[in-house]
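Undergrad: Predicted model and sequence below, questions to follow.
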Amino acid sequence: MKITFNNTIFYQQKRGGISRYITCLANEFIKLNQNINIIAPIHKNQFLKQFSKKYYSGIYISNFPLISVIDKLSNFIVNRQLKKNNPQIIHDTYYSKDICKPNISKKIITVHDLIHEKYEKLYKNSEELIDLKRKAFKDCDHFICVSENTKKDLLNFYNIDERKVSVIYHGSEHLKNLKLESEKPFDFPYLLYVGNRSKYKNFDKFLEIYSSSNKINKNFNLICFGGNKANSKEIDQVKKLNIEKNIIFINGSDYYLKNIYLNARAFIFPSAYEGFGLPLIESMSLNCPVFCSNKSSFPEICEDAAIFFDPDDKEDFKFKLENYLFDDEKLRDLKNKGLNHSEKFNWQLTAKKTLNLYKKLT
């Protein structure tokens, strides 16, 4: 079976959950001896850069502007390759416009979340992206959702036949399998936050709780890994709360991230909404206890392997942190539950379920 992934997410994203998902999936397909091809004529993606050139075509450029000329050229090359290769499966990596779909091909899209639909007013481009999704969905033969919660949201916002929607969870062992390259990253105890921090992520609420508890901020620093550099609003809040000396904003490799997970006292995830929440399972797989919001897909994904709090209830949020962070026995139990739970999420299983879906469609 010929399986082709197109360029869109690799063109837009340097690194992130969606491009990680596609490359992990493609790697597992290769292990299963599938005929896969990633067409990414011009890309900036760090994960794809490390991918075997045997399975993808394109040039890596560390940075380039997202302008229409480059976009059109890239899409033109992708469509020309699709016509030439005539794959049975086209897996759209992120709501692509004007994909050439040969008669033999079935088109699949993975829906990771419905953020712009649920929080439309938070984004200037929500209307544009929603319109793009509608167009991308029109000729789609099947939809993969990363959680039951995301499936529910998809069916709520779009007129899609439920029989065309499947739920397939992510894997988590991409960091666990890496070899450590350095010693303990910091010589002080710390809490960990991973990923973007804006809008519905509730990072500002977390900072308020952190700063309001001397019990927490006197004993633990805060490491914020990934996402964009700290913006002026975040810097102003940190100064106002008088916690500048406690917080470090950093980026780095997956090797570095693994080391940070392994040595954190706990991982804190206060977001109001995620389609899946990959850092939750990454954290569990690396023996780092998880404290997360009780909203969205989190109870589904974490089950009993996390400490849940209401991010809108400051007292509940603060109580859960203070009650567990200083109790070694409770954290040890949480680590064990998390480690066992994370084993349910592996990329081999994700790939096999996805491949079985492809076969049913062709």
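TA: Nice, thanks for sending it over.
Undergrad: for the host helix or strand of Lys233, which positions count as buried?
TA: Assigned by DSSP states H and E, Lys233 belongs to helix 232-240. Within helix 232-240, the residues that qualify as buried are Glu234, Gln237, Val238, counting by 16 or more other CB atoms under 10 Å. To be clear about C-beta, it is placed using only N, CA and C from the backbone, and glycine gets the same treatment.
Undergrad: With pLDDT as extra columns, can I get these in a markdown table?
TA: Output for the buried residues of helix 232-240, formatted as a markdown table (pLDDT from 0 to 100):
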| residue | pLDDT |
| --- | --- |
| Glu234 | 95 |
| Gln237 | 97 |
| Val238 | 97 |
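Undergrad: got a markdown table for these, with distance to Lys218 too?
TA: Output for these, formatted as a markdown table (distance: CB to CB, whole Å):
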| residue | distance to Lys218 |
| --- | --- |
| Glu234 | 22 |
| Gln237 | 19 |
| Val238 | 16 |
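Undergrad: Go through those and say which is closest to Ile36.
TA: If you rank the buried residues of helix 232-240 by distance to Ile36 using CB to CB, Glu234 comes first, at 39.9 Å.
Undergrad: Go ahead and name everything in contact with the helix holding Lys233.
TA: Here helix 232-240 makes contact (CB atoms under 8 Å, 6 or more residues apart in numbering) with Arg197, Phe203, Asp204, Leu207, Ala230, Glu244, Ile247.
Undergrad: Just the buried residues of those residues.
TA: Arg197, Phe203, Leu207, Ile247.
Undergrad: Tell me how far Asp328 lies from Pro289.
TA: 11 Å (CB to CB, to the nearest Å).
Undergrad: Show me the strands in the protein, by range?
TA: 2-5, 35-43, 56-60, 89-92, 106-111, 142-145, 165-167, 190-194, 221-225, 247-250, 266-269, 290-293, 307-309 (DSSP state E).
Undergrad: Now tabulate the ones you listed in a markdown table and tack on distance to Asn259 and mean pLDDT.
TA: Formatted as a markdown table, the strands of the chain follow (distance: least, CB to CB, whole Å; pLDDT from 0 to 100):
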| stretch | distance to Asn259 | mean pLDDT |
| --- | --- | --- |
| strand 2-5 | 30 | 98 |
| strand 35-43 | 27 | 96 |
| strand 56-60 | 26 | 94 |
| strand 89-92 | 32 | 98 |
| strand 106-111 | 29 | 98 |
| strand 142-145 | 32 | 98 |
| strand 165-167 | 32 | 98 |
| strand 190-194 | 11 | 98 |
| strand 221-225 | 11 | 98 |
| strand 247-250 | 12 | 96 |
| strand 266-269 | 14 | 98 |
| strand 290-293 | 18 | 98 |
| strand 307-309 | 23 | 98 |
